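J.: A predicted structure for the sequence below; I have some questions about it.
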There are 2 protein chains.
Amino acid sequence: MNKHKITAGFIIIGNEILSGRTQDQNLNFLAKNLVEMGIILKDVRVIGDFEDEIIETVNILKSKYDYVFTSGGIGPTHDDITTECIAKTFNQQLILHPLAHEILIKHYGKENVNQARLKMAYLPSNASLLDNPVSSAPGFRIDNVFVMAGVPKIFQAMFMACKKELICGEKIISREIKINLTESSIAQDLTKLQLHYPDIAMGSYPFEGQTSLVFRSSNLNQLNIAINKMIDLIKIINPNENIELS
Amino acid sequence: MNKHKITAGFIIIGNEILSGRTQDQNLNFLAKNLVEMGIILKDVRVIGDFEDEIIETVNILKSKYDYVFTSGGIGPTHDDITTECIAKTFNQQLILHPLAHEILIKHYGKENVNQARLKMAYLPSNASLLDNPVSSAPGFRIDNVFVMAGVPKIFQAMFMACKKELICGEKIISREIKINLTESSIAQDLTKLQLHYPDIAMGSYPFEGQTSLVFRSSNLNQLNIAINKMIDLIKIINPNENIELS
């Protein structure tokens, strides 16, 4: 694992996302949190609750990236097949995880841990539980894969529990310039600046008549130099331009 | 193309989604619209603005699914590389598309079509333009790939323009039962019902203490029979259960 460039993939598992019934809310949360930790989210997949697709996707992503996160499919019903698929991906049996079982009993009372709930405590034999203060649903880690719930509140709690297990990468700093000029009026200058500073990722995004220029780099000094050059270039186009910098 | 089972993939292209700066709003819109048309969205990818990743992903998805949609990266700035990558994917040159050029001139006036704007009118030689009443940004179709803008308002307008070019599949009807019972209390019955009706996709989703059961099928008759059986099973668990059906 290269300490300076740590990458991640995210697999959103659920027919309800692909059918439009549910709008995913976890990607944006995860993305923001990974950026904070200097972990580069490279690749996100949304797939349905199908065994072959889940196994294939986890297999591809776990070997490509340092970390893989999944959301969805760890509940008590028949359509929650993620845990079983992860076990198959790692050639492991599902076994009753003592701590996950204990948490279920504590949460529901022994008499209320029916077969469906008990299913949730069967985890791949090498899995380690993720703390989850919100519900008793067991998220878990196995190797570099973090398996988490789809419900945003629970996903977020589980991610907070993963955080301490993740190695942070080099922090990427982001600065933004908002202007009223159009994208196309600054495009040429921006291209030249990008060629001059290839290590700074420069993005341009139109937004309701404004343009937002986002510069990202791990080198704050170089980032500030490039930002100042951009501001100079904008002022050449329009000396009175109202520049919002953040 | 199997007229009854038409599939699609969606590629969301943009560093701003992966860094958490922007929350995608196009997936849910596309998903809902495809469901309406009986087109099954199978696979969604979110990738950054990198040539090799765009080309590889488009190549995989265009051969796997009947239709592929992309969002993002067709604007005037240097980080908008989607159009160029699509041309490379199809081994085509970028040529000045006469109609796209005409639309740009009409929109901005000839004197304002600078180099950056003109870049947007260079499309792969075999591309056909998508109508776009919202802006002059040229979305286009090439083979089974529809290349669209990332800005939601423009994405939506372009999708509306694609619609008439898409072959509809067999419409999937969806019915939903909302109950106050927990997922785990109905899980066993639901599993049995699913085994009895393998052609009906049955999903169970917890939501703020309630459970939502979603049954989906192209066969309305069978769907209604299964829904009624589920209601009977719920009433055995709790005769006074407040069942919301939609």
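T.: Received the coordinates, thanks.
J.: C-alpha only now, for contacts and for neighbours.
T.: Fine.
J.: you'd agree residue A:7 is up against residue A:62?
T.: No: counting by CA atoms under 8 Å, residue A:7 does not reach residue A:62; the two are 10.6 Å apart.
J.: More neighbours: which of the two?
T.: residue A:7 (21 against 18; other CA atoms under 10 Å in any protein chain shown).
J.: For the more buried one, which non-adjacent residue is spatially closest?
T.: residue A:40 (4.6 Å; CA to CA, 6 or more residues apart in numbering or on different chains).
J.: Quick check: residue A:175 vs residue B:105, distance?
T.: Distance of residue A:175 to residue B:105, computed by CA to CA, to the nearest Å: 34 Å.
J.: Next: residue A:134.
T.: 57 Å.
J.: in the top helix by length along chain A, what counts as buried?
T.: Assignment by DSSP state H gives helix A:220-237 as the longest helix of chain A. Of the residues in helix A:220-237, A:223, A:226-227, A:230-231, A:233-234 count as buried by neighbour count, 16 or more other CA atoms under 10 Å in any protein chain shown.
J.: Next: stretch A:12-31.
T.: In stretch A:12-31, counting by 16+ other CA under 10 Å, buried: A:12-20, A:23-24, A:26-31.
J.: Any stretches of chain A with poor pLDDT?
T.: Along chain A, segments meeting pLDDT under 70 span A:1-3.
J.: Now do the contacts for residue A:218.
T.: Contacts for residue A:218 (CA atoms under 8 Å, 6 or more residues apart in numbering or on different chains) come out as A:170-173.
J.: Could you break chain A into its assigned domains?
T.: According to automatic domain parsing, chain A comprises the domains A:6-163, A:173-245.
J.: State the helix or strand in which the spatially most central residue of chain A lies.
T.: Closest residue to the average C-alpha location of chain A: residue A:30 at 3.4 Å, with CA atoms, centre = their mean. Using DSSP states H and E, residue A:30 falls within helix A:26-36.
J.: The nearest residue to residue A:79 once chain neighbours are set aside: which element?
T.: Using CA to CA, 6+ apart and skipping residues adjacent in sequence, the residue nearest residue A:79 is residue B:203, 6.1 Å away. Using DSSP H and E, residue B:203 maps to strand B:201-207.
J.: That strand pairs with which strands, parallel or anti?
T.: Paired with strand B:201-207 in the same sheet, following DSSP bridges, are strand B:210-217 (antiparallel).
J.: could you check the angle helix B:220-237 makes with the partner strand?
T.: Using axes from the mean of the first three to the mean of the last three CA atoms, to 10 degrees, the direction of strand B:210-217 lies 150 degrees away from that of helix B:220-237.
J.: tell me which residues in strand B:210-217 are buried?
T.: B:211-217.
J.: can you check stretch A:55-66 too?
T.: A:55, A:57-58, A:61-62, A:65-66.
J.: Whether that stretch contacts chain B - can you check?
T.: No: remark: stretch A:55-66 sits outside contact range of chain B, by CA under 8 Å from any CA of the partner chain, the gap being at least 10.7 Å.
J.: which residues touch the residue nearest to residue A:202 when sequence neighbours are not counted?
T.: Nearest in space to residue A:202, with sequence neighbours left out and distances taken as CA to CA, 6+ apart, is residue A:215 at 4.6 Å. Residues near residue A:215 by CA under 8 Å, 6+ apart: A:174-176, A:200-203, A:223, A:227.
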